[in-house]
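Student: predicted model and sequence below, questions to follow.
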Amino acid sequence: RPVIWWIRRDLRLRDNPALTAALETGGPIIPLYIHDPQDEALGAAPKFRLGLGLERFAKTLEGHGSRLTLRKGDALAVLREVIKESGAGHVIWSRLYDPEAIKRDTEIKEQLKAADITVKSTGGRLMFEPWTVETKDGGMYKVYTPFWKAVRDREVEGLIDAPAHLPKPDAWPATDELADYNMSAAMRRGAEIVAGYCRVGEDAALEQLDRFLEERVATYKPDRDFPGRAATSELSENLAWGEISPHRMWHLGAQAMRDGKQGAEHFLKEVVWREFAYHLMYHSPHILTRNWREEWDGFPWQDDPGEALLRWQQGQTGYDFVDAAMRELYVTGKMHNRARMIVASFLTKHLMIHWKFGMQWFEDCLVDWDPASNAMGWQWVAGSGPDAAPFFRIFNPDGQLDKFDPKGRYVRNWLAEGQSDPPQTATDFFAATPMSWELSPKDTRARPIIDLKRGRERALEAYHDSRDKS
Ligand code: FAD
C-alpha cells in the first residue's frame, strides 16, 4: 500500500529519516504538502520563502521520478482525504517541536492510528532530540555551556544519500496549483527583490556549505562578528526550511576540524546554539509568548510603541548601524547576527519597547525565521530569557560601528542617503518599501530618534527601579 510522506519543514532528499522510513515500507511514496492553518498563519517573508522552497522541491522530486501533491485545509482532514483516495496505509513525517505543531501532530497520530493507519514520526530537524538531553537531576538545561558539554561528544546520526528514484504509485492524487496559495500575498514589499537575495533549495545549500568550509571557516572566529565581511555560512535560511540537515553541517564541520581548519569548532558550537534554542522551546514553550523569567513581568517596557516602533522598522532611527541592519532585514529577509543583537538591544533598551514587538517584526520579515531561535535571541538580548545577557549591558550602536564596521562597508551597503552613487543593495530598500512609507534615497538621513546617553540612562533607571520593587 502507498505511504504518505507528509512534508513540512524538511524540503530535502538527503539525510531525511522520514524519507528513509517511507522507503523502508517498500510501498509507493506520495510526497504531500498540506497548506494548513498553521502555515497560513506564517509571517509574510517566511510564508513567501516556504513557497519558493516548495516550488524548487517539487522540481527536485520530479527529477527523481516523483511528484509533490499539494493540498490546502485542516491537516487531519486532508490526510484522511488522501488516504481514502490513494489507499495509503502509512503516514510518515519529520517532527516539529513548537507547541502548536506538537498538539496538532499528537492528535493526528491518535486519530489515524485509531483508523488502522500506521503512523510514524521521525527526527531529522535536530541532531539531539530535546528530551534526550538531561541534566544530572533529569531536568532541562537552562545555560548553553553545560548543554554544549553534554552533547559535544555524542554520536550524531550518519549522513544519508538521496535515493535515485522514489517509488511511485499507480496513479497520483489530484494536486492544487502552488500559485493558488498566493504565498506572497502578505509581502507588502517587493517580493521579487527579496527573492533575489534568497538561496533556495538543497543543492544550493550543499554548495554553500562546501564554499563556507573551503573559503570561510578558517577565519570564521575572528570575522564572524563583522557584518561587512562574508564570513559566516549563511545557511540559517536553508536550515529553517529543512533544505539542509544540521547533521551534514556537523559532520562536514567536524571533518574540517580534524583537517586542522581553524574556526570549525566555533562553527559547530553555533550550530549547537540552534539545538539549545529547540531544547528551551520544547521544555519551556512559554519562551515564545512571555518573559521566560517571571521577575521581568513588572518591567516597564512600552506596550504601545507607536511611531518609535515604525521608525525602527523602517530603518529611520538616525543610527547608522541600526538603520543599515533594519534595511538589510527588509530587503533580504536576513540580518547578520551581530546586527540582530544591536537592533534588539536598541529597541528593548534605548527605546524601551517590549521585545515581543521586535520578535513579531522579525517573524514577519525573516526568511530564516525560526520560532525557537527567534524567541531565544530576543529574550537573550532583552535580559528576560534563560542564560541571557544582563540587561545593563546596553550596546552603543555607534561604538559597535567603530568596532565591527570600522571602514563603514556594511553601512554603505544599506544606507543610500548621502552617497552620490549608492550600491544597488542600498537602493533596493527604497524599491522594496511599500508606498505608504514614503521614503526616498534623496531624503536626508533621519535625525536620531533618541539621545544615546539619555536612552541608556532611562533604561538603567527602569532596570534598577524594577529590581528594587521585586
Ligand atoms: P553561522 O554563523 O554560519 O552559524 C551556523 C548556524 O548556527 C546558523 O545557520 C544557525 O542555525 C546557528 N546559529 C548561529 N548563531 C545562532 C544563535 N545565536 N542562535 C541560534 N542559532 C544560531 N536564527 C534563525 O535561524 N532564525 C531566527 O529567527 C533567528 N532570530 C534571531 C533573533 C535575534 C534577536 C538574534 C540575536 C538572533 C537570531 N537568530 C535567528 C540567530 C542568528 O542570528 C542566525 O542564526 C544567524 O545570523 C544565521 O546566520 P548564518 O547562517 O550565517 O550563521
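Tutor: Everything's here; your move. Numbering: from 1, shown residues only.
Student: can I assume residue 31 sits in a strand?
Tutor: Yes - under DSSP: H, G, I helix; E, B strand; the rest coil, residue 31 falls within a strand.
Student: tally of neighbours for it?
Tutor: Residue 31: 23 surrounding residues under other C-beta atoms under 10 Å. Quick note: C-beta positions are derived from backbone N, CA and C, even for glycine.
Student: that one contacts residue 169, doesn't it?
Tutor: No - in this structure residue 31 lies outside contact range of residue 169 using C-beta atoms under 8 Å: 10.7 Å.
Student: where's the one residue in the stretch 301-450 of the chain that gets nearest to the ligand, which helix or strand?
Tutor: As assessed by C-beta to the nearest ligand atom, the ligand sits closest to residue 377 within the stretch 301-450 of the chain, at 2.5 Å. In this assignment (DSSP states H and E), residue 377 forms part of helix 371-382.
Student: list the buried residues in that helix.
Tutor: Neighbour-count burial for helix 371-382, counted by 16 or more other C-beta atoms under 10 Å, picks out 371, 372, 373, 374, 375, 376, 377, 378, 379, 380, 381, 382.
Student: and residue 179, how close does it get to the ligand?
Tutor: 27 Å (C-beta to the nearest ligand atom, to the nearest Å).
Student: any stretches of the stretch 1-150 of the chain with poor pLDDT?
Tutor: Applying pLDDT under 70 to the stretch 1-150 of the chain picks out no residues at all.
Student: cool, and the stretch 301-450 of the chain?
Tutor: Short version for the stretch 301-450 of the chain, where the test is pLDDT under 70: none.
Student: sorry, back to before: which of the buried residues of helix 371-382 sits closest to residue 117?
Tutor: residue 371 (28.3 Å; C-beta to C-beta).
Student: surely the closest one touches residue 98?
Tutor: Yes - counting by C-beta under 8 Å, residue 371 sits close enough to residue 98 to count as a contact (4.9 Å).
Student: need the overlap of contacts for those two.
Tutor: Counting by C-beta atoms under 8 Å, 6 or more residues apart in numbering, the shared contacts of residue 371 and residue 98 are 281, 288.
Student: give the contact list for the residue lying closest to residue 333 once chain neighbours are set aside.
Tutor: Sequence neighbours aside, residue 367 is the residue nearest to residue 333 in space, at 3.3 Å (criterion: C-beta to C-beta, 6 or more residues apart in numbering). By C-beta under 8 Å, 6+ apart, residue 367 lies in contact with 45, 46, 48, 49, 194, 198, 237, 240, 332, 333, 334.
Student: give me the neighbour count for the last one.
Tutor: Residues contacting residue 334 under the criterion other C-beta under 10 Å number 21.
Student: in a helix, that's where it is, yeah?
Tutor: No - checked against three-state DSSP, residue 334 lies outside a helix; its state is coil.
Student: residues touching it, list them.
Tutor: 197, 234, 236, 237, 328, 366, 367, 368.
Student: the third one now?
Tutor: For residue 48, the contacting residues are 183, 184, 186, 187, 191, 194, 195, 367, by C-beta under 8 Å, 6+ apart.
Student: ranking these by neighbours, who comes first?
Tutor: residue 367 (28 neighbours).
Student: that one sits in which helix or strand?
Tutor: Going by DSSP H and E, residue 367 is not part of any helix or strand.
Student: give me the pLDDT value at residue 470.
Tutor: Residue 470 is assigned a predicted lDDT (pLDDT) of 69.
Student: does any bit of stretch 279-294 sit next to the ligand?
Tutor: No - judged by C-beta under 6 Å from any ligand atom, stretch 279-294 stays clear of the ligand, getting no closer than 10.3 Å.
Student: which parts of that stretch are buried?
Tutor: So, applying 16+ other C-beta under 10 Å, buried residues of stretch 279-294: 279, 280, 281, 282, 283, 285, 287, 288, 291, 292.
Student: end-to-end on it?
Tutor: In stretch 279-294, first residue to last residue: 19 Å (C-alpha to C-alpha, to the nearest Å).
Student: again, but for stretch 26-43
Tutor: OK, stretch 26-43 end separation, C-alpha to C-alpha: 38 Å.
Student: now do residue 82 against residue 76, distance only.
Tutor: Noted for residue 82: a distance of 11 Å to residue 76, by C-beta to C-beta, to the nearest Å.
Student: so between these two, which is more surrounded?
Tutor: More crowded of residue 82 and residue 76, by other C-beta under 10 Å: residue 82, with 21 against 18.
Student: thought the more buried one was touching residue 70?
Tutor: No - contact criterion C-beta under 8 Å: residue 82 and residue 70 do not qualify, at 10.9 Å.
Student: now the common contact residues for these two.
Tutor: Counting by C-beta under 8 Å, 6+ apart, the shared contacts of residue 82 and residue 70 are residue 32.
Student: and the helix or strand harbouring residue 402, what other elements does it pack with?
Tutor: Assessed by DSSP H and E, residue 402 sits inside helix 397-404. When contacts are defined as 3 or more C-beta pairs under 8 Å, 6 or more residues apart in numbering; DSSP states H and E, helix 397-404 packs onto helix 320-332, helix 337-345.
Student: from those, which stretch is densest packed?
Tutor: helix 320-332 (a mean of 26; mean count of other C-beta atoms under 10 Å).
Student: elements contacting that one?
Tutor: Short answer (3+ C-beta pairs under 8 Å, 6+ apart): helix 320-332 packs on helix 191-197, helix 306-313, helix 337-345, helix 355-365, helix 397-404, helix 409-414, helix 424-432.
Student: skipping adjacent residues, who's closest to residue 140 in space?
Tutor: Spatial nearest neighbour of residue 140, excluding adjacent residues (C-beta to C-beta, 6+ apart): residue 283 at 3.8 Å.
Student: is it true that the one you found touches residue 134?
Tutor: No - using C-beta under 8 Å, residue 283 is not in contact with residue 134; the gap is 9.8 Å.
Student: which neighbours do the two share?
Tutor: Common contacts of residue 283 and residue 134 (C-beta under 8 Å, 6+ apart): residue 140.
Student: sorry, back to before: quick check, nearest of the contacts of residue 48 to the ligand?
Tutor: residue 367 (9.3 Å).
Student: spit out the contact partners of residue 254.
Tutor: 264, 268.
Student: rerun that using 10 Å as the cut-off
Tutor: By C-beta atoms under 10 Å, 6 or more residues apart in numbering, residue 254 lies in contact with 156, 264, 265, 267, 268.
Student: which of the helices and strands packed on helix 320-332 sits closest to residue 120?
Tutor: Going by C-beta to C-beta, the one of those nearest residue 120 is helix 355-365, 30.3 Å.
Student: surely residue 4 is in a helix?
Tutor: No - counting by three-state DSSP, residue 4 is not found in a helix; it is strand.
Student: name the SS class of the closest residue to residue 380 other than its chain neighbours, please.
Tutor: For residue 380, ignoring the flanking residues on the chain, the nearest one in space by C-beta to C-beta, 6+ apart is residue 388 at 4.9 Å. Assigned with three-state DSSP, residue 388 falls in the coil class.
Student: against residue 142, how distant is residue 388?
Tutor: Taking C-beta to C-beta, one finds residue 388 at 10 Å from residue 142.
Student: ok, residue 44 next?
Tutor: Distance of residue 44 to residue 142, given as C-beta to C-beta: 33 Å.
Student: got it, and residue 455?
Tutor: Taken as C-beta to C-beta, the span from residue 455 to residue 142 is 30 Å.
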